Structures are given as C-alpha cells and as structure tokens.
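K.L.:
Give me a model of this one.
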Amino acid sequence: MKLFKSMNKKESLNWKKAAILGFYTFLLLLTVNYIFYLRMDKGLISSRSIFWSGLVVAFGYDALLNIKDKIKPGYKAPGS
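P.N.:
As a prediction, this is how the structure comes out:
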C-alpha cells in the first residue's frame, strides 16, 4: 500500500525549485528579524510566523508550478 503517489521528473524538478525558494524565504525573514533584533532589542517576526511562511511559500509555489504545467497544452499525466 502506497501512502503517496510517485512523482514524475517534472514534479520532482518543481518541488526542488519550490524547496529552494522556501529556504531562501526562511533566510530572508531570519535576516530581517535578526537585524531588527540587533537594533531594537526585540524581534520583529515570531519564530512561528517565520516557520509557517517558509512552508507556505514552498508548498504554494510547488502547487503553482504543478498547476501551471498541467494547464500547458501537450501535458501527459503520469502513467499515461
């Protein structure tokens, strides 16, 4: 029994792009928060918000890329 379906090469490439964007989102928000902390002696963004922002960006961008690929003419569904 499989819990998740297998990804094709295009979906794997889309996830890799999305994971990189999510990672850079984490880095950017952490940098902004740290600089603000150094200046004001308190954090601008909560750790929870930074965490969820990175995840939402990664999964949202992955979904956007996959939908965009499926809309393209000539798309072949996996297993076809």
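
K.L.:
burial measure for Ile50, as a count.
P.N.:
19 (other C-beta atoms under 10 Å). Where C-beta positions appear, they are placed from N, C-alpha and C, glycine not excepted.

K.L.:
whoops, I mixed them up, Ser53
P.N.:
Ser53 has 16 neighbouring residues, counting by other C-beta under 10 Å.

K.L.:
Show me what stretch 10-29 is in contact with.
P.N.:
Stretch 10-29 has contacts (C-beta atoms under 8 Å, 6 or more residues apart in numbering) with 7, 45, 49-50, 53-55, 57-62, 65-66, 69, 78.

K.L.:
Could you list which of those belong to helices?
P.N.:
Members of the contacts of stretch 10-29 lying in helices (criterion: DSSP state H): 49-50, 53-55, 57-62, 65-66, 69.

K.L.:
contacting residues for the spatially most central residue of the chain?
P.N.:
Among the residues of the chain, the one closest to the centroid is Ala58, at 0.7 Å (C-alpha atoms, centre = their mean). Counting by C-beta under 8 Å, 6+ apart, Ala58 touches Ala18, Ala19, Leu21, Gly22, Phe23, Thr25.

K.L.:
hmm, back to that, Val32: which of the ones in helices among the contacts of stretch 10-29 is nearest?
P.N.:
Of all these, Val32 sits closest to Ile50, with 9.3 Å by C-beta to C-beta.

K.L.:
Spit out the contact partners of the closest one.
P.N.:
For Ile50, the contact set (C-beta under 8 Å, 6+ apart) comprises Phe26, Leu29, Leu30, Asn33.

K.L.:
quick one: which of the residues you listed has the most company?
P.N.:
Leu29 leads the contacts of Ile50 on contacts (other C-beta under 10 Å) with 19 neighbours.

K.L.:
Check the burial of the nearest residue to the residue nearest to the centre of the chain once chain neighbours are set aside by counting its neighbours.
P.N.:
Once flanking residues are discounted, Ala58 sits nearest to Gly22: 2.8 Å by C-beta to C-beta, 6 or more residues apart in numbering. For Gly22, the count of nearby residues is 20 (other C-beta under 10 Å).
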